[in-house]
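In: Next input, structure requested:
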Amino acid sequence: MYQTRRLLKRTLRVRYPKGQGRIALRTELDWDKDVEPKSVSRDGTTFTFALEARRPFLYFKPVLRSEDGVRWAVGANKLALMTAEGHRDVYPWFEGPATGSFSPLVEIDSRILGRKHLVRAYLPPGYGANALRRYPVLYMQDGRNLFFPEEAFGGQEWQVDEAIGLLDAMGAADAAVVVGIHSGDRVRDYTKRGYEAYARSVVREVKPVVDRTLHVAEGPRGTGVIGSSLGGVVSFYMAWEYPEVFGFAACMSSTFSHADDLIDRVLTERKRKTKFYLDSGWPGDNYEVTFAMAMALERRGYRVREEFLHLVFPLDAHDERAWGRRLHLPLQLALGRPATGRR
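Out: Coordinates of the predicted model:
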């Protein structure tokens, strides 16, 4: 079953702190047999494995051998796609829970806005257990609607942690840190001109705290921003205004042109390197203006499926339930294996 005629080869690099023991792999070809690394880096933190199989995929799991015996990595079995090019980095951990966690609700002073930001971060499974790993980070608007029903509008949260955890367990997408920023005055902060100061505050006051205190990746390829409705508008603005910071933006059911000039800017300004995800329900749900923005991006030279994606969901409503239900789509565009395979 699932056999290929040719022998497929794949390189995996398992990264784990030095001095904890010897890393080996177990695979579904024989779960009782160690696969030894073909090389170990000079600093003892990177174990390189050469996998071979006559099949398009292979499940595997790192094991740690020490004086105390053999310990299997925590979490689900990992999926190696034998058809992919290049190497894949794996960051196992061998103690602790297989579920993610949350930071406390943190206040961050903003001189730019003259108030405090309220911020909570979701930390994926294994966060902090392998100090070598740096995670992609997604900044999300309307932070109180993301994680807990008791905080969310109407008691309906997006279930962001469940979506990321499931995609990671499937092997379909990378785990990520999510920074939920609670909204202040949404009309002021998420529309022109108020979003100019709000975005500047996130970039100059919130992001430096996140970079300094959390294990997150550097650069735009590992940094995205997501929002819905007016939150989608400000997310688009942030990515358009700061492409050197945000390499990805997901804008769901966005009220483009209500109180912004973003379509005009797309049509007249230079193309950005940021990737965009746009969607809406229908009828209503800002379907027409979202479609218009998608066509503006196409007219400006953005390539569909490579640089932007526009989807429509017939009969979906303008609410947290709908956004949470389809969140896995922008997450896969930002964090999915095809999207991140060449990072």
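
In: burial measure for Ala73, as a count.
Out: Residues lying near Ala73 (other C-beta atoms under 10 Å) number 25. All C-beta atoms are positioned from the backbone trio N, CA, C, and that covers glycine.

In: wait, doesn't it sit right on Trp93?
Out: Yes. Contact criterion C-beta atoms under 8 Å: Ala73 and Trp93 qualify, at 6.7 Å.

In: hey, where'd the helices end up in the stretch 101-250 of the chain?
Out: Taking DSSP state H, counting those that start in this stretch, the helices of the stretch 101-250 of the chain run over residues 160-170, 186-189, 194-201, 207-213, 230-241.

In: Now distance to Cys251 and mean pLDDT too, for these, in JSON lines please.
Out: JSON lines is the format used below for the helices of the stretch 101-250 of the chain (distance: least, C-beta to C-beta, whole Å; pLDDT from 0 to 100):
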{"stretch": "helix 160-170", "distance to Cys251": "16", "mean pLDDT": "95"}
{"stretch": "helix 186-189", "distance to Cys251": "15", "mean pLDDT": "97"}
{"stretch": "helix 194-201", "distance to Cys251": "13", "mean pLDDT": "98"}
{"stretch": "helix 207-213", "distance to Cys251": "19", "mean pLDDT": "98"}
{"stretch": "helix 230-241", "distance to Cys251": "4", "mean pLDDT": "98"}
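
In: Now render the ones you listed as TSV, adding distance to Val178 and mean neighbour count.
Out: Compiled in TSV, these are given as follows (distance: least, C-beta to C-beta, whole Å; neighbours: other C-beta atoms under 10 Å):
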stretch	distance to Val178	mean neighbour count
helix 160-170	6	19
helix 186-189	19	16
helix 194-201	18	20
helix 207-213	11	14
helix 230-241	13	26
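
In: I'd like these as a markdown table, with distance to Pro283 appended.
Out: Formatted as a markdown table, the helices of the stretch 101-250 of the chain follow (distance: least, C-beta to C-beta, whole Å):
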| stretch | distance to Pro283 |
| --- | --- |
| helix 160-170 | 26 |
| helix 186-189 | 24 |
| helix 194-201 | 27 |
| helix 207-213 | 37 |
| helix 230-241 | 18 |
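
In: what's the closest of the ones you listed to Met82?
Out: Nearest to Met82, of all the helices of the stretch 101-250 of the chain, is helix 160-170, at 17.0 Å by C-beta to C-beta.

In: what residues does that closest one touch?
Out: Applying C-beta atoms under 8 Å, 6 or more residues apart in numbering, the contact partners of helix 160-170 are 75-76, 79, 99-100, 102, 122, 124-125, 140, 146-147, 173-176, 178, 180, 324, 327-328, 331-332, 335-336.

In: hang on, the earlier thing: minimum distance to Arg22: which of the helices of the stretch 101-250 of the chain has it?
Out: Closest among those, using C-beta to C-beta: helix 160-170, at 25.7 Å.

In: Export that closest one to PDB, keeping only CA atoms.
Out: In PDB, the C-alpha atoms belonging to helix 160-170 read as follows (Å, rounded to 0.1, in the frame of the first residue of the first chain):
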ATOM      1  CA  VAL A 160      -7.300  29.600  17.700                       C
ATOM      2  CA  ASP A 161      -5.300  27.300  19.900                       C
ATOM      3  CA  GLU A 162      -7.300  24.200  18.900                       C
ATOM      4  CA  ALA A 163      -6.900  25.100  15.200                       C
ATOM      5  CA  ILE A 164      -3.100  25.500  15.400                       C
ATOM      6  CA  GLY A 165      -2.700  22.500  17.600                       C
ATOM      7  CA  LEU A 166      -4.600  20.200  15.200                       C
ATOM      8  CA  LEU A 167      -2.800  21.400  12.100                       C
ATOM      9  CA  ASP A 168       0.600  20.800  13.900                       C
ATOM     10  CA  ALA A 169      -0.500  17.300  15.000                       C
ATOM     11  CA  MET A 170      -1.500  16.500  11.400                       C
END
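
In: Centre of the chain to that helix, how far?
Out: Distance of helix 160-170 from the chain centroid (C-alpha atoms, centre = their mean, to the nearest Å) equals 10 Å.

In: what stretches of this protein score poorly on pLDDT?
Out: Applying pLDDT under 70 to the chain flags residues 337-343.

In: Which segments of it make up each domain?
Out: Using automatic domain parsing, the domain parsing of the chain gives 8-90, 101-340.

In: list the contacts for Tyr59?
Out: Tyr59 makes contacts with 27-28, 77-80, as judged by C-beta under 8 Å, 6+ apart.

In: which element is it on?
Out: In this assignment (DSSP states H and E), Tyr59 forms part of strand 57-66.

In: Give me the nearest residue to Val234, chain neighbours excluded.
Out: Tyr190 (4.1 Å; C-beta to C-beta, 6 or more residues apart in numbering).

In: my read: the one you found touches Phe236, true?
Out: No. Assessed by C-beta under 8 Å, Tyr190 is found out of contact with Phe236, at 10.5 Å.

In: Please identify the residue most distant from the middle of this protein.
Out: In the chain, the residue that sits farthest from the middle, by C-alpha atoms, centre = their mean, is Glu67; the gap is 37.0 Å.

In: Gln20 versus that one, what's the distance?
Out: Per C-beta to C-beta, to the nearest Å, Glu67 is found 11 Å from Gln20.
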